[in-house]
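Participant: Output the structure for:
(one chain, ligands or ions: 1)
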Amino acid sequence: MLWLRSIVFYLSVTLIALFIGGIAGREWGLTFALVVVSLTCLFHIFNLHRLYHWLQNPQVDNVPSSFLLWQEVFDQFYTEVRKQKKAKERLANTLDRFLSAAEALPDGVVILDEYDRIEWCNPASCDHLALNRKTDTGQPITHLLRHPSLREYLKQEDFSHPIVIRTTRPTEQTLSAQMVPFDSTRKLLLSRDITQLERVQTVHRDFVANVSHELRTPLTVVGGFIETMIDMPASDAQTRDTHLQLMYEQTQRMQRLVDDLLTLSKLESGAQVREEEVDIPQLMQLLRTEGMGLSQGRHTVEIGKLERARLIGNNDELHSALGNLVSNAIRYTPAGGKITIGWERRDDMLCFTCRDTGIGIAPEHIPRLTERFYRVDRGRSRNTGGTGLGLAIVKHILHRHQAQLCITSEPGKGSEFAVKFPATRIIE
Ligand code: ADP
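Facilitator: Predicted coordinates:
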């Protein structure tokens with residue numbers, strides 16, 4: 001303890017002074033005490049002065065050093081300042097990490113003060129709300145927002161629900177924005193890009209509408225026939241047979257649609273399939289035979305180039321995808337046309353090709369052909385037994401094989417569907 005040691009020191013000085021006074025006379029004792037006390041005062045004044053100077057700029061690496069009790073005082077300062085420096089560094093690190101995380105957030109975050117002025121905002125919020133971090137910080141947000149409904153939302157008091165806004169600047173997107181009050185006066189304005197989510201919801205809604213529509217037509221036809229047959233005299237067997245035949249065709253149509261839907265849903269579930277070496281020559285022969293069966297002698301179906309390279313993939317899936325292309329070629333080629341399939345090398349890649357001399361496709365339709373239920377000519381697709389899902393299934397299967405579908409076509413002349421497989425799937 002510092003004070004105890006000081007008392008002991010001064011008591012010792014007194015005792016020594018008394019001792020000297022007793023031996024050498026009072027003056028010498030007093031002189032000794034005076035000299036020691038003066039030196040001690042000088043020592044304290046000198047160290048106080050150093051402490052004062054150091055306190056003006058207290059750095060851990062320039063804490064003064066001394067001896068005796070002042071060394072202990074300085075050591076204590078050193079420990080404290082070091083502790084504070086470490087705590088400060090830790091706090092700065094935490095703040096840095098927090099800021100980097102907030103900057104990297106895909107959602108927009110704007111911190112507003114009690115007068116709705118921007119205190120801080122992250123890059124995502126600048127993208128969403130067209131803010132500029134340099135010039136807009138400190139500005140009232142209501143002056144900067146372009147969207148009227150968002151400005152209205154900020155003025156009201158109820159922030160329990162987010163609002164959805166559609167922006168065109170800086171980019172076309174749909175945003176969900178919500179104000180979250182925190183501490184007593186400040187607020188957070190959060191924004192999230194829900195463009196993709198909205199698109200998925202629209203695709204889903206359209207899909208359900210399309211399926212319902214596709215099923216309703218054959219169901220109405222079947223229902224109509226049944227109704228007619230109920231009132232039909234039993235003797236009219238010929239009409240009954242015709243109706244039964246037509247009803248059978250409609251149920252077949254529904255069956256095909258449900259089968260394709262199930263195939264799509266299985267593919268979309270992403271379940272892994274066995275990968276094996278696909279026997280290309282055998283598969284090509286099979287596709288040709290199936291094509292000829294479907295054509296029933298109305299077309300010529302030929303195998304063109306047949307490279308030796310082999311392919312790694314799932315036999316059944318590839319059979320279904322490539323078979324779909326051949327079946328389309330036959331269905332969209334008038335009688336007398338020619339379908340040529342091939343396994344050929346193009347730009348250092350191996351591809352399956354299916355060429356036809358059919359009706360062709362206008363360029364504006366080509367990018368949309370693999371969408372579910374997209375058809376160029378609805379009537380023709382239906383009449384030839386199409387469900388509108390064939391190329392969507394092809395797209396999924398090819399995606400699972402990292403393959404690419406390239407369509408080139410000329411209306412009235414014919415089309416070519418080429419499937420390019422990546423080098424990693426080829427065995428030379
Ligand atoms: P669909 O069951 O209607 O044939 P697909 O998904 O297989 O459905 O094909 C989508 C659309 O692409 C078809 O409706 C048709 O308009 C067009 N199409 C596909 N293949 C060909 C082709 N070889 N020639 C011309 N048009 C084609």
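Participant: Can you get me the start-to-end distance on stretch 230-242?
Facilitator: From its first residue to its last, stretch 230-242 covers 15 Å (CA to CA, to the nearest Å).
Participant: which residues touch stretch 360-375?
Facilitator: 207, 210, 214, 264, 376, 381, 386, 388-389, 391-392, 394-395, 405, 407, 409-415 (CB atoms under 8 Å, 6 or more residues apart in numbering). Just so you know, the C-beta spots here come from the backbone N, C-alpha and C atoms, and that holds for glycine as well.
Participant: now do the same end-to-end measure for that stretch.
Facilitator: One end of stretch 360-375 sits 13 Å from the other (CA to CA).
Participant: that older thread, filter the contacts of stretch 360-375 by proximity to the ligand?
Facilitator: Val376, Ser381, Gly386, Gly388, Leu389, Leu391, Ala392, Ser415 (CB under 6 Å from any ligand atom).
Participant: May I have the secondary structure class of the fourth one?
Facilitator: The one in question is Gly388. coil (DSSP: H, G, I helix; E, B strand; the rest coil).
Participant: where exactly do the helices run in this structure?
Facilitator: Ranges of helices in the chain, per DSSP state H, are 2-24, 26-56, 68-104, 123-129, 133-136, 141-144, 148-155, 195-231, 237-268, 280-295, 315-331, 378-383, 390-400.
Participant: Looking at those, spot the one closest to Glu172.
Facilitator: Between Glu172 and the helices of the chain, the shortest separation by CB to CB is 7.9 Å, and it involves helix 195-231.
Participant: Next, the angle helix 237-268 makes with the closest one.
Facilitator: Helix 195-231 and helix 237-268 are oriented at 160 degrees to each other (axes from the mean of the first three to the mean of the last three CA atoms, to 10 degrees).
Participant: Average pLDDT for helix 195-231, rounded please.
Facilitator: Across helix 195-231, pLDDT averages out at 91.
Participant: Give me the buried stretch members for it, please.
Facilitator: Val211, Glu214, Pro218, Val221, Val222, Phe225 (16 or more other CB atoms under 10 Å).
Participant: which stretches of the protein have low pLDDT?
Facilitator: Per-residue confidence for the chain (pLDDT under 70) gives these ranges: 169-170.
Participant: if we go to 80?
Facilitator: In the predicted model of the chain, residues 1-2, 146, 157, 168-171, 234-236, 271, 348, 428 satisfy pLDDT under 80.
Participant: So which bits of it are right by the ligand?
Facilitator: For the chain, the residues in contact with the ligand (CB under 6 Å from any ligand atom) are 328-329, 332, 356, 358-359, 361, 369, 374-377, 381, 386-392, 415.
Participant: Any quick PyMOL command for the buried ones out of those?
Facilitator: To isolate the buried members of the residues of the chain next to the ligand in PyMOL, using 16+ other CB under 10 Å:
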select buried, resi 328+329+332+356+358+359+361+369+374+375+376+381+386+387+388+389+390+391+392+415
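Participant: so what's Thr174 up against?
Facilitator: Applying CB under 8 Å, 6+ apart to Thr174 gives the contacts Val164, Ile165, Arg166, Thr167, Asp193, Ile194, Thr195, Glu198.
Participant: what's the closest of those residues to the ligand?
Facilitator: Nearest to the ligand, judged by CB to the nearest ligand atom, of the contacts of Thr174 is Glu198 at 25.1 Å.
Participant: Once you drop chain neighbours, what's closest to that closest one?
Facilitator: Thr174 (4.9 Å; CB to CB, 6 or more residues apart in numbering).
Participant: So what pairs up with that neighbour in the strands?
Facilitator: Beta-bridge partners for Thr174, by DSSP bridges, are Arg166.
Participant: Thanks again, I'm all set now.
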